[in-house]
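**Q** Next come a sequence and a model predicted from it.
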2 protein chains.
Amino acid sequence: MTPKRLTRQESAARTRARLLDHAEREFLRRGYAAASLDRIAETAGYSKGAVYGNFAGKEELCLEVIDRHFTRLFQEFATELVAAEERIEARMEVIERWQSKVLGEHDWRLLAIEFAAQSRHNRRLQRRLADRDRRIRNAVIDLLGQQLRQLGLTPPLPVEDLAVAVMALAAGIAVQQALDPDIAPTLLSDAIRVLLTGTR
Amino acid sequence: MTPKRLTRQESAARTRARLLDHAEREFLRRGYAAASLDRIAETAGYSKGAVYGNFAGKEELCLEVIDRHFTRLFQEFATELVAAEERIEARMEVIERWQSKVLGEHDWRLLAIEFAAQSRHNRRLQRRLADRDRRIRNAVIDLLGQQLRQLGLTPPLPVEDLAVAVMALAAGIAVQQALDPDIAPTLLSDAIRVLLTGTR
DNA sequence: GTCTATAAATCGATAGAC
DNA sequence: GTCTATCGATTTATAGAC
């Protein structure tokens, strides 16, 4: 097997991907502030020059890492949810299955909020995070609206508010659970059910 | 008016209080990571030696700043809530009045979560934060249980879960609102009402 | 308890060679 | 695009005088 000779573009893409992968590990392990570009470059088999050649800086690199993960996560979840049977119990089952995955990702959640706090110092980053937040929220609103319509539910709150509340619950419970593992593992889906149907 | 001669203890307490006050300003303004003990000491009229003489380090100082604030905040809220009339509408009014205060404190919320993310590097801090979290949660559980009993409500979830959900909502909504001010300002109280009563 | 002075260690970012 | 070398700035924490 002769390894294919990489074109310039392929080689650059490979470097980028490798840097992203190792950046993910470093950011997850140490958090944003304590992560070191030097270590990222070194573990990926490059030096810092490669990082600055492929990314504008630490913030851009971290933003891309976070974006990549949560975009993937949401899309996989949405796909499963849409594919489930058109009964509320079937849909809730999908939610219950995913809550442990979402809530279990303590490191991701801590990284995301630490990075959000970071935006205090940077107007531009603040705007980009707000845009991203709105994008995700709109996706949640669409998904939620579709589910409610299909299931014939009329929730006690407007769907726009439900979306914010669901996202807030997911983030807030995950943070509390990161500090204290004793929190009820089905709380997220239970609370979502109450918000959507008004009852347990 | 001759200024009273301060005893050694009074003088020490004053220094501590001054340092705490200026630490609060610095941490709120810059966040945990970017805050500088040097600046804190200087603006308080001391030098770094005074900080290390009164606090074990940056983490301890910040923890005390955060603790002082949220303990005060919760106690004031609980006092008002307990003092209100024994009707659900009167109690909800207190909650509605406080939600804008709690949600408006973006800097405090960002600081608290940035600090929580910080605990990744420090087992001891992790335990202390978890203890604090449990302490607050127990207070919320007590307060919530008392309210439900007085008002004769039977919520769709156990009171322990409600407490976690309410805290998660408050934190999660505040973070989203810090990034995007367009979020409905009454969402927190609306969602709490649904969680407590099952309806709007 | 507080000050001054300094240690000791980083880190992000850049310049210039290749 | 990537590397090496380094700048420049900052920080926490400590040592020792008073």
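**A** Okay, I see it.
**Q** Residue ranges of each domain in chain A, please.
**A** A:1-55, A:58-197 (automatic domain parsing).
**Q** most neighbours per residue, which of those?
**A** When you average the neighbours per residue for each of those (mean count of other Cβ atoms under 10 Å in any protein chain shown), domain A:58-197 leads with a mean of 18. Placement of C-beta: from N, CA and C, glycine included.
**Q** what distance separates that domain from the centre of its chain?
**A** 8 Å (Cα atoms, centre = their mean, to the nearest Å).
**Q** Is any residue of it near DNA strand D?
**A** No - if you take Cβ under 7 Å from any atom of the strand as the test, domain A:58-197 misses DNA strand D, and the best it gets is 12.0 Å.
**Q** if we can go back for a sec, okay if I get the domains of chain A as CSV plus mean pLDDT and distance to residue B:27?
**A** Shown next, in CSV, are those (pLDDT from 0 to 100; distance: least, Cβ to Cβ, whole Å):
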stretch, mean pLDDT, distance to residue B:27
domain A:1-55, 89, 14
domain A:58-197, 94, 11
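**Q** Nearest to residue B:48, out of these?
**A** domain A:1-55 (20.8 Å; Cβ to Cβ).
**Q** which SS class is residue A:46?
**A** coil (DSSP: H, G, I helix; E, B strand; the rest coil).
**Q** thinking it is in contact with residue A:22, fair?
**A** No - assessed by Cβ atoms under 8 Å, residue A:46 is found out of contact with residue A:22, at 9.0 Å.
**Q** From residue B:68, how far off is residue A:155?
**A** Applying Cβ to Cβ, to the nearest Å, the value for residue A:155 to residue B:68 is 39 Å.
**Q** Show the contacting residues for the residue nearest to the spatial centre of chain A.
**A** Residue closest to the average C-alpha location in chain A (Cα atoms, centre = their mean): residue A:70, at 2.5 Å. Residue A:70 makes contacts with A:108, A:112, A:136, as judged by Cβ atoms under 8 Å, 6 or more residues apart in numbering or on different chains.
**Q** Just the element for it, please.
**A** Assessed by DSSP states H and E, residue A:70 sits inside helix A:58-83.
**Q** packing partners for whichever helix or strand comes after that helix?
**A** Next along the chain after helix A:58-83, taking DSSP H and E as the criterion, comes helix A:88-104. Helix A:88-104 sits against helix A:58-83, helix A:123-151, helix A:159-179, helix A:187-197, with contacts defined as 3 or more Cβ pairs under 8 Å, 6 or more residues apart in numbering or on different chains; DSSP states H and E.
**Q** got the residues of chain A near DNA strand C?
**A** Residues of chain A lying near DNA strand C (Cβ under 7 Å from any atom of the strand): A:34-39, A:48-49, A:52, A:57-59.
**Q** returning to what we had before: looking at the helices and strands packed on helix A:88-104, which is nearest to residue B:142?
**A** Nearest of the helices and strands packed on helix A:88-104 to residue B:142, taken as Cβ to Cβ: helix A:159-179 at 17.4 Å.
**Q** Quickly check: the closest one near chain B or not.
**A** Yes - residues of helix A:159-179 contacting chain B under Cβ under 8 Å from any Cβ of the partner chain: A:160-161, A:164-165, A:167-173, A:175-176, A:178-179.
**Q** How about the contacts made by residue A:36?
**A** A:26, A:30.
**Q** mind pulling up the phi and psi values for it?
**A** phi -120, psi 130 (degrees, to the nearest 10).
**Q** Could you report the distance from it to residue A:120?
**A** 21 Å.
**Q** Chain neighbours aside, what residue packs nearest to the residue in chain A positioned nearest to DNA strand D?
**A** Here chain A gets closest to DNA strand D at one residue, residue A:49, 1.9 Å apart by Cβ to the nearest atom of the strand. In space, and not counting its chain neighbours, residue A:49 is closest to residue A:41: 7.9 Å by Cβ to Cβ, 6 or more residues apart in numbering or on different chains.
**Q** Please apply the same query to residue A:44.
**A** Using Cβ to Cβ, 6+ apart, the nearest residue to residue A:44 is residue A:22, at 3.9 Å.
**Q** The one you found against residue A:38, yeah?
**A** No - at 11.6 Å, residue A:22 does not count as touching residue A:38 under the criterion of Cβ under 8 Å.
**Q** Give the residues shared as contacts by these two.
**A** With Cβ under 8 Å, 6+ apart, residue A:22 and residue A:38 have no common neighbours.
**Q** that older thread, if we take the contacts of residue A:70, which one ends up nearest to chain B?
**A** Nearest to chain B, judged by Cβ to the nearest Cβ, of the contacts of residue A:70 is residue A:112 at 9.2 Å.
**Q** show me what contacts the closest residue to the closest one other than its chain neighbours?
**A** Using Cβ to Cβ, 6+ apart and skipping the chain neighbours, the partner closest in space to residue A:112 is residue A:66 (5.8 Å). Each residue near residue A:66 by Cβ under 8 Å, 6+ apart is listed here: A:108, A:111-112, A:115.
**Q** Next: residue A:12.
**A** For residue A:12, the contact set (Cβ under 8 Å, 6+ apart) comprises residue A:54.
**Q** So it, which state does it fall into?
**A** Going by three-state DSSP: residue A:12 is helix.
**Q** how about residue A:140, what does it touch?
**A** Going by Cβ under 8 Å, 6+ apart, residue A:140 touches A:74, A:163, A:166-167.
**Q** What is the nearest of these to chain B?
**A** Among the contacts of residue A:140, and counting by Cβ to the nearest Cβ, the member closest to chain B is residue A:167, at 6.6 Å.
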